[in-house]
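Undergrad: A predicted structure for the sequence below; I have some questions about it.
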Amino acid sequence: MIITIPGRYEFPRSVQPYIKNLVELEADKFIPMVLKSQIGEFIKASPKDISFFEQNWYGKPDRTSEKPYYEHPSTDIDTERMIRAFDALIEIQAMAKECDDDGKDENAWCQTVVLPLLRSALHKPDSSLWRVESVQTQTIETEFMPASISSSSGKSTDDVLPKMIDYAIFLNKISKDLDVVALYEAMKQVEGGGIGLWTDSYTNTLIPFAICAVKSEYAITMEGKVQLMTVAQAFLKYLEDLVIQASKLEIKDELLHSMPPVMGWTVHGHDWKFYICHRKGEQQIWADCSMGDGSTATPGKALRLLRVIEEIKKESGQQYVVWLKKVFNL
């Protein structure tokens, strides 16, 4: 049974380590100091884009203000990489503006905005243990699907499931990270090789981490939320099944009690809404988590969204790997 929590919600202790980094993320310090001169040049070349620093989000710093910047220890290679990432982000945000201005469809938002932004946050030398994959045409293993789910829009599971969600973030199967290599080797030892969340022959072999449903600006907002909620329920059932199949009998209850939450976004035009679904006894709790929300409406907002995704990947991903290692007794 899933319970939807409206408004603010105090997440239980088992979930808090996964969002601790978001609580501590200061909204007005989201830009590495090494990008300061680059941003100054960007604003100088594009005075109309001074809304990069919008008053209602970040105060009203000018090009010389220290307010939005934080110190980031970095080598010359790190600096060069961050500058390239910044330049790429400006292009992504420009494409988001074009999609919005021209009323482009869901596929355009997926290919030119969402996928490039997720890849920018995940595919970096220090974060190669994650990768994003399209699951737009794939279906969930039936044994994990909830019997039925309804939304306030009146759509049932049968109406929603054929469309599914758009992207999932997985542990990178070809990563050279020793923990990831060990986890996938352990997965092979589970009876039957384990079973994945999706039926696709490739993604069926991957361990998922987070999910994302994309809708165009003009789509019904509730539709993406229902799709994400449905897959989140299946994801929790998949994690339960993983514990039952792979872990030692004496620690199964402990692992089920400490089971990670399922995290994901609905993307509706510029707006990214972050949700968490977690287990509480026999119930599943679905709640908004606005700390992980973001937007691509301006370069400044897009840059902060990128930072939010990076923080979720960094801290929540680390907690997730620790839990998985316990499941496989590593």
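TA: Ah, there it is.
Undergrad: strands along the chain, start to end?
TA: Taking DSSP state E as the test, the strands found in the chain are 2-5, 31-32, 69-70, 130-134, 167-171, 208-215, 262-268, 271-280, 283-288, 294-295.
Undergrad: reformat those strands as a markdown table; add mean pLDDT.
TA: Converted to a markdown table, the strands of the chain look like this (pLDDT from 0 to 100):
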| stretch | mean pLDDT |
| --- | --- |
| strand 2-5 | 68 |
| strand 31-32 | 68 |
| strand 69-70 | 62 |
| strand 130-134 | 92 |
| strand 167-171 | 94 |
| strand 208-215 | 92 |
| strand 262-268 | 93 |
| strand 271-280 | 91 |
| strand 283-288 | 86 |
| strand 294-295 | 90 |
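Undergrad: closest one to residue 12 among these?
TA: strand 271-280 (6.8 Å; C-beta to C-beta). The C-beta positions use only the backbone N, C-alpha and C, and glycine is treated the same way.
Undergrad: what's the end-to-end length of stretch 185-200?
TA: End-to-end span of stretch 185-200 (C-alpha to C-alpha, to the nearest Å): 20 Å.
Undergrad: can you list contacts of it?
TA: 135, 138-141, 143-144, 168, 203-208, 234-235, 238, 241-242, 245-246, 328-330 (C-beta atoms under 8 Å, 6 or more residues apart in numbering).
Undergrad: same deal with stretch 259-266?
TA: Here stretch 259-266 has contacts from 11, 14-15, 18, 165, 209-215, 221, 224-225, 228, 231-232, 235-236, 239-240, 243, 272-279, 289, 292, 312, 316, 319-320, 323, using C-beta under 8 Å, 6+ apart.
Undergrad: stretch 274-286 too?
TA: By C-beta under 8 Å, 6+ apart, stretch 274-286 touches 1-5, 9, 11-12, 14-15, 18-19, 225, 228-229, 232-233, 235-236, 240, 256, 259-266, 287-294, 308.
Undergrad: just the buried members of those?
TA: 11, 15, 18-19, 225, 228-229, 232-233, 235-236, 240, 259-266, 287-289, 291-294, 308 (16 or more other C-beta atoms under 10 Å).
Undergrad: thinking again about what came up before, now which of the contacts of stretch 185-200 would you call buried?
TA: Looking at the contacts of stretch 185-200 with 16+ other C-beta under 10 Å, the buried ones turn out to be 135, 138, 140-141, 144, 168, 203, 205-208, 234-235, 238, 241-242, 246, 328.
Undergrad: that older thread, just the buried ones among the contacts of stretch 274-286: which are in helices?
TA: Members of the buried ones among the contacts of stretch 274-286 lying in helices (criterion: DSSP state H): 18-19, 225, 228-229, 232-233, 235-236, 240, 308.
Undergrad: just name the closest of these to residue 84, please.
TA: Scanning these for proximity to residue 84, where the rule is C-beta to C-beta, the winner is residue 308, at 20.0 Å.
Undergrad: read off the pLDDT value for that closest one.
TA: Residue 308 carries a pLDDT score of 87 in this model.
Undergrad: that one touches residue 292, doesn't it?
TA: Yes. Counting by C-beta atoms under 8 Å, residue 308 touches residue 292, with 5.7 Å between them.
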